[in-house]
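Asks: Quick check, what structure comes out for this input:
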Amino acid sequence: MKKISHVLVALLLSVALLAGCGGGSGGSAQPSAPPADSSSDSAPSAAPEDAGEQTFRVAYIARAQADSFAAWLANAVREEADKYPNISVDIMDGEASDDKVNSLIENSITNRYDLIIVQPNNGEAQRPYVEQIIAAGIFAITTNARIEGIAGGSSVDADPYMQAAVNAVAALEQVPENANVVVLNGPPGNFHADQRRLSWQTEFFEKRSDVTIVGEQIANWNKDEAMAFMEDWIQANDRIDAIISMNDNMAAGALEAVKDNPKFADILAYGVDGTAEAILLIQEGKMTSTCLQSAYDLAELLLETSNKLLTGQETEINTDIGNPLVTIDNVEQYIEMHKRAGAL
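Replies: From the prediction side, this is the model:
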């Protein structure tokens, strides 16, 4: 009986030893599989054929959705993103507040977006926060307006000096001699606002010393603020010959203030952006000209740039769109542009 017991014990030990050696080729032990929910920052990515194309998360922080151009651009970005199955875009509203924009940037860094696009409310106020994006190892693009001189940052924009210049050069011949004009400015410190005002100064006012500025205010790109300033100016001045505005939204607000006043029936008005509202005002003969800052073109370049950065084709990109002048002579093509895009 003892002999049988010893045999059984020997057999059991043999089975245990065989199980410990496993069945892998060459007799080497196989590592245990990790738990299904385990993760590691250093783990290699799965092969493309196993995992499919990577989806990148992009935060788009708009200056202010109440601003007609900012809203147009945000919508264009959303639509353009649909063409990129590897990119998911979240649109956020900065509400024309530096604190809000900066907070959204900080939250986007914390949430580890792969790329953050910032449309600054005030470039210098956003500069240190965009620098934080890059320091965190996240791609950063500034747009409309770019923030100059950020090492490692990218930008997609237009040339604001030229946007104003195409209007200013036309105005040299259009604005009557000894004219009274009013000027509506964007936020101080904003690259586009400052460069457009500089362009008007250089390309128009320094060449037309006969022209008098009877009113100039910062209206922060805002239609209602511009309308309020214009209401004050027409009370104080019997004659205003031209509205010189750094964007379409403010020009439209100023025109709203004089629309039923026969004294200002022939007033000239200049803007920048080429919004659907401004294009219609030009078609109706109420606005003189604008420079098209195409949100469609900006959105196309923003997504193309994002894709190149995220997929490793480029490490830094700075690029601009064109600056066509829109007048009564060519307005129909821009009406059609907005119709095709569903804006009209």
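Asks: Can you give me the distance of Thr275 to Ile328?
Replies: Per Cβ to Cβ, to the nearest Å, Thr275 is found 17 Å from Ile328. Glycine gets a C-beta too; all of them are placed from N, C-alpha and C.
Asks: neighbour count winner among these two?
Replies: Thr275 (26 against 13; other Cβ atoms under 10 Å).
Asks: Please name the residues that touch the residue nearest to that one when sequence neighbours are not counted.
Replies: Nearest residue to Thr275 in three dimensions, chain neighbours excluded: Asp248, at 4.7 Å (Cβ to Cβ, 6 or more residues apart in numbering). Contact analysis of Asp248 by Cβ atoms under 8 Å, 6 or more residues apart in numbering lists Ser68, Phe69, Gly271, Val272, Asp273, Gly274, Thr275, Glu277, Ala278, Thr290.
Asks: mind checking how far Asp248 is from Ala269?
Replies: According to Cβ to Cβ, Asp248 and Ala269 sit 9 Å apart.
Asks: again, but for Glu314
Replies: Glu314 is 40 Å from Ala269, where distance means Cβ to Cβ.
Asks: Check which residues of the helix or strand where Trp233 lies are buried.
Replies: According to DSSP states H and E, Trp233 maps onto helix 223-236. For helix 223-236, burial by neighbour count (16 or more other Cβ atoms under 10 Å) applies to Lys223, Glu225, Ala226, Met227, Ala228, Phe229, Met230, Trp233, Ile234.
Asks: now the helices for the stretch 201-344 of the chain?
Replies: Assigned by DSSP state H, counting those that start in this stretch, the helices in the stretch 201-344 of the chain fall at 223-236, 248-258, 276-283, 295-310, 331-340.
Asks: Quick one, which of the ones you listed gets closest to Ile87.
Replies: When the helices of the stretch 201-344 of the chain are compared by Cβ to Cβ, helix 295-310 sits nearest Ile87, at 6.3 Å.
Asks: Excluding sequence neighbours, find me the nearest residue to Glu231.
Replies: Closest residue in space to Glu231, ignoring its immediate chain neighbours: Ala257 at 4.8 Å, by Cβ to Cβ, 6+ apart.
Asks: again, but for Glu203
Replies: Nearest one to Glu203, counting by Cβ to Cβ, 6+ apart, is Ala168 at 3.8 Å.
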